[in-house]
Structure formats: C-alpha cells, structure tokens
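> got a predicted model here, sequence first, then my questions.
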Amino acid sequence: MSMLDDHIRQEVTRFLEGLAGPVRLVLFTRESDCELCPETRQLVEEVAALSDQLTVESFDFVTDAQKAAGMGIDKVPALAIIGAQDYGVRFYGIPSGYEFTSLLYTIRAVASGQPELSEAGLQALAGVNRPVHLQVFVTPTCPYCPQAVLLAHQMAIASPLVRSDMVEASEFPELAMKYQVMGVPRTVINETVHIEGAAPEPLVLEKLREALAQPMEA
Amino acid sequence: MKLQFTLTPPAEEPPAEPEEPLLYDLAIIGAGPSGLTAAIYAGRAALKTLVLAGSLPGGQVANTETVENFPGFPEGVGGMELAQRIHKQAERFGATIVPEEVTAVDFSARPFTLRTYHAVYRAHTVIVATGALPRRLGVPGEDRLFGRGVSTCATCDGFFYRGKRVVVVGGGDSAVDEGIVLTRFADEVTIIHRRDQLRATKIYQQRALANPKIRFVLDTVVEEILGDQKVAGVRVRNVKTGETAVIEADGVFVYIGMDPATQVFAGQLELDRWGYIVSDARQHTSVPGVFVAGDVQDPYYRQIVVAAGTGAVAAMEAEKFLGEYPPTERVKSGLDEACCEVE
C-alpha cells in the first residue's frame, strides 16, 4: 500500500516539476534495530517515483559500512540529498509530518545549488574557514521546525565547509539526551553552541560566528 | 505508528525572478486565517497580491491540534489541515505567497515599502495580519530555561515529557486544551491558574476535569522557574493566602495568552497601550491605504472565524481604496521608482 495518498502525490508531483537539475537520494538503512528504516525507504522511493530528476541509491549501513563512513553517516535511517555535488545535507530519521516539507524544499534547493540566503548570509558563509556541523533536532509534529532545518541546509549548500543534519529526536533519543534536547527545533553548532527555536537567518549567523570563534576541538 | 505527510510552505515560490517587478497592488503581511482570507478576496478582485508568510505559515492555527468551532467542519478539522486548505484557496486565486519575514516597513509614502532579509517589496496597499505571539511569564528562570523544559508548544515538545511531570500555566482554552494533549505523554499535568476559576470554554473544562492525569492549582501564580541545566520545578504563590510552595516538574508549558506581533510597526501605525494596532470598524489603520486584520488588532475574541472575517473586510477595503486612489501607473510597469507616486 502506498504511503502517500493520491492528493499528496499530485501536489508533490507538481512541486517537483520545477526542479532545476538531477538529485540523488542516497539512502542508508539497516535490517535490524531500526524501526522506521522500512518506512523511510518506502517514502523515499515513492517520492523519487514522482520526478524524472530523482534517483534513489539504497545502501545497507552494515554491509556498506565503508560507503557510509565515507559520507559521514553514523546512524540510520539516513538520507543524503546530493545534487551537482554532495553539499553535506542529511536527514536522520524519517522526514514525516512537517519534515516532509523540509525534505521537498531541500530537494529543490539542492537541485538548484543556489542557496536562498540573504547577501549578508552568503558573504558570511563564504568566509567560513573551518568545518561547521549543524544538527537540527526536530519532531514531526513541530510546525516551526522546517524553517530551522531549511535554513541549516541552505547554509550547507552555500559553503563547502558546512554540513547540516536534520535529526528526528524521537528516533534518536540517546542523541537528544546527549544534547539535552527538551524542545524543538534545537540547532546544535559544532557540539557547543545551541539555538532554541526557529531563529531568523541573522541570529543563526551570529551563533555561527560564535561557534567559529571558539577554539578548535583537538 | 501513524505517519502523516505535510506539504506546506516555508517556501511556496522561489525568490522572484529578477525581471519580475517587486511591486504589488496589495501586500499582506502574515499567512494565518486572516491574511490568507484577505488574499482569497484580493485574488478574486484581480489585485496583484503578495503574501509575506513569515515564520509560521498558517499562523497559530497551524499549531493547533484540532479546530472544532470553524463552521462547515461538523466533525472538527486538524489545525494544519485547515491552514493548508485556506492556503490552497488563496493560491488558487493567484496570490504569490513567499516565506519571508518582514523586518522593516515604511508607510510614510505610497507605494509602501516592506523589507525582508531577502528583498525589498513595494505595494500600493498593505494589510497587516501578523497575528499574535505567545506571551511569556516574565519570571526569573524562564528565558534561561527556554528549550530546556520551558516551552510554548505542546504539540512540538510533548514527546520529550513521556512519563514525566509537567505544569501548564494559564486558564484559557489553549492552556486547558494543550494540558489535555500533554496527558498523552506526561504522567502528571498540573494546570496553574491565577484566578479561582478557569476562563476556558466549558467543553474544555469538562474534558480536563474528567481526565485523571490533570490536576488544578487555582488562585496561584508562578514566581520563578527553578532548575540549573533544565527545569526542576516552579515556585508558586497563592494570591489569596500569600503562601508560597514549590511544585516539582520536568516541563513548564506557558499558555497565558498572546501579545500582538507589532514590533516592526512601532512609529508607523497607531498602536494602543497593549501594542494592538488601532483600527476602525472597517479595518482601516491610522495610515490611509494600510489595513489590518486578525489577532493583531483583536484583544477580545481571537477566533479563527473572526480573523477570517476581518481579513475579508480588509481586502474589500483595500480594493475600494485602490479604486478611489488609483496608482498613476499599474503594477506591471515594473521597478521604476518614479512611476507610482500618488498625488
């Protein structure tokens, strides 16, 4: 049985018609200990079937461990959205609920390779000179969360040194615990700097600068 | 587990093509029920309409579990679903809806100017429909522990309180309804209200009273949110006896009402002492050509159907205004700054 109903499929088809270029959906799942891996795969396949520009590449987290490591993927389900290049854009956990919106808009942004950021934002990101890791914790029932996820993903598209993860908190409770996530969206920058809520671009840039000003991890 | 899939903007259209004029007949700020209803009416009136949706497309209703009092939905309707339906209807009639947040406005001359982080837009008329934002308690600990146990969104954050104890502050519909939502996760939900009875609609009160996980602490205000790295509880005071106590809790959900989102309009539009935009009965503001709709001008009712109604009025008034004070050249003339001054 299909996961997306006819109505949503039509809307998604229409949405994907405008994709500026091909996008690869690189999926990692695991046979066991991954409750939502089968659903995530089904979702990704159903979405990919709605546009000629989308292809799915499916890997097993265990047997293709080297491939996963090479892409910086350390948990499943994981989805890398890759366009003209790998911008470091990842979804960990199933992008359902409001995060389905994040998935589609991210696909569109990756397809174009043109981040939708302000001039000031693009300038700030061009000046990033060391690796930045953005992790945006979400729940599927959070209407504010896609804004935070999309902003982080746009930043990853804008800078080769920035990578960005959506992390679905309920599927990765240990990680949520580790970063003391008790409300979403919560964006963690390079392990140390936190942003609560869906912050506007200038605030996220400020926090990014704050993270960059901190001493490098050993 | 039931999976749902929601496709709604944060971004409906990519940024405007460079050659597309950023000048509109009508710019609507906000994409809740009032703003989008205005967009439906404006679209049907063939006005070139821009909606600047801001940070929460759909508005507060998108953040509401179920809407039971909107006419035409006898079984109730999901808040997000209702928001999406209105959104779709607005698009059907030609409104351009962008996810941008307005950061500054200039209403001193027509066409009016609206700035976002991405662009500068101009419009011959404007409808302000920015709605309201959750009010904070303003007590020690609240800001420090926001996102660390302090929340204003039960649907977003309820998950983190499975098996835990939470308090809900407030006595209105949102407080009681969200308190009920939280019982799905938390073991114990304490609703703290400063008066001796709740303000919530009777039907919510009855549901809460029948719920064994909910208890009420009335006549009581929260004076401090306690906790070091995360919320540990609240210090409360009984307003009648003056007695203070500590209620232990892992989460504090604040639902004490809303404040109008009018920060960017200070100095541009007349606001009342609570920050609401002052409006006449036909949704006109203090600036001719700028109209207002929804919760941003409504300290009394704050209902979806009322917001939609004022949105319709504002759009009809904007249309009328454009007829009475037509721009000297129509919108399609593009970005030419000099084209459209009004006598």
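Thanks, I have the structure now. Every value quoted in this text rests on a predicted model; they were computed, and no experiment measured them.

> how about low-confidence regions in the chain?
Assuming you mean chain A. Along chain A, the parts satisfying pLDDT under 70 run over A:216-218.

> looking at chain B here, not the other one
Judged by pLDDT under 70, the stretches of chain B that qualify are B:1-2, B:7-21, B:328-343.

> helices along that one, start to end?
For chain B, the helices defined by DSSP state H occupy B:33-44, B:79-92, B:154-157, B:173-182, B:202-209, B:304-324.

> what about the second one, distance to the chain center?
It stands for helix B:79-92. Centroid separation for helix B:79-92 versus its chain: 15 Å, with CA atoms, centre = their mean, to the nearest Å.

> for B:His124, see how far away whatever residue of the stretch 51-200 of chain B ends up closest to chain A is.
Among all residues of the stretch 51-200 of chain B, B:Gly147 sits closest to chain A, at 3.1 Å; criterion: CB to the nearest CB. From N, CA and C alone the C-beta is placed, and that goes for glycine too. In this view, B:Gly147 and B:His124 are 41 Å apart by CB to CB, to the nearest Å.

> give me the more crowded residue out of those two.
B:His124 (25 against 21; other CB atoms under 10 Å in any protein chain shown).

> make sure B:Val234 is actually in contact with B:Thr190.
No - taking contacts as CB atoms under 8 Å, B:Val234 lies outside contact range of B:Thr190: 9.0 Å.

> overlap in contacts, those two.
Common neighbours of B:Val234 and B:Thr190, counting by CB atoms under 8 Å, 6 or more residues apart in numbering or on different chains, are B:Val167, B:Ile247, B:Ala249.

> need those residues in a markdown table with distance to A:Val62, can you?
Converted to a markdown table, those look like this (distance: CB to CB, whole Å):
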| residue | distance to A:Val62 |
| --- | --- |
| B:Val167 | 44 |
| B:Ile247 | 47 |
| B:Ala249 | 42 |
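
> out of these, who's nearest A:Arg41?
B:Ala249 (39.6 Å; CB to CB).

> you'd agree that closest one is up against B:Val236?
No - look at B:Ala249 against B:Val236 with CB under 8 Å: they stay out of range, at 10.6 Å.

> more neighbours, these two?
The neighbour comparison of B:Ala249 against B:Val236 (other CB under 10 Å) goes to B:Ala249, with 26 against 22.

> what's the burial count for B:Thr262?
B:Thr262: 23 neighbours (other CB under 10 Å).

> ok, it - contacts?
B:Thr130, B:Leu269, B:Leu271, B:Gly275, B:Tyr276, B:Ile277, B:Val296.

> what number of residues lie near the residue nearest to B:Met258 when sequence neighbours are not counted?
Nearest non-adjacent residue to B:Met258, counting by CB to CB, 6 or more residues apart in numbering or on different chains: B:Ala132, 3.4 Å away. Neighbourhood size, B:Ala132 [other CB under 10 Å]: 22.

> just A:Gly70 next, same as before
Neighbours of A:Gly70 (other CB under 10 Å): 9.

> sec struct for A:Gln123, please.
helix (DSSP: H, G, I helix; E, B strand; the rest coil).

> and which of the contacts of B:Thr262 is nearest to A:Leu134?
Distance to A:Leu134 across the contacts of B:Thr262 (CB to CB) is lowest for B:Thr130, with 28.3 Å.

> my guess is that closest one contacts B:Ala293. True?
No - in this structure, B:Thr130 is not within contact of B:Ala293 by CB under 8 Å, at 9.8 Å.

> more neighbours: the two, which one.
B:Ala293 (34 against 31).

> how about the strands in the stretch 101-250 of chain B?
Applying DSSP state E, counting those that start in this stretch to the stretch 101-250 of chain B gives strands spanning B:102-106, B:112-116, B:120-128, B:132-134, B:150-151, B:165-169, B:188-192, B:214-217, B:220-227, B:231-238, B:244-248.

> please enumerate the strands of chain A.
Assigned by DSSP state E, the strands in chain A fall at A:23-29, A:54-60, A:78-82, A:89-92, A:132-138, A:162-168, A:186-189, A:193-196.

> give me every residue in the stretch 101-250 of chain B lying close to chain A.
Residues of the stretch 101-250 of chain B lying close to chain A (CB under 8 Å from any CB of the partner chain) are B:101, B:117-118, B:146-151, B:153, B:155-160, B:229-231.
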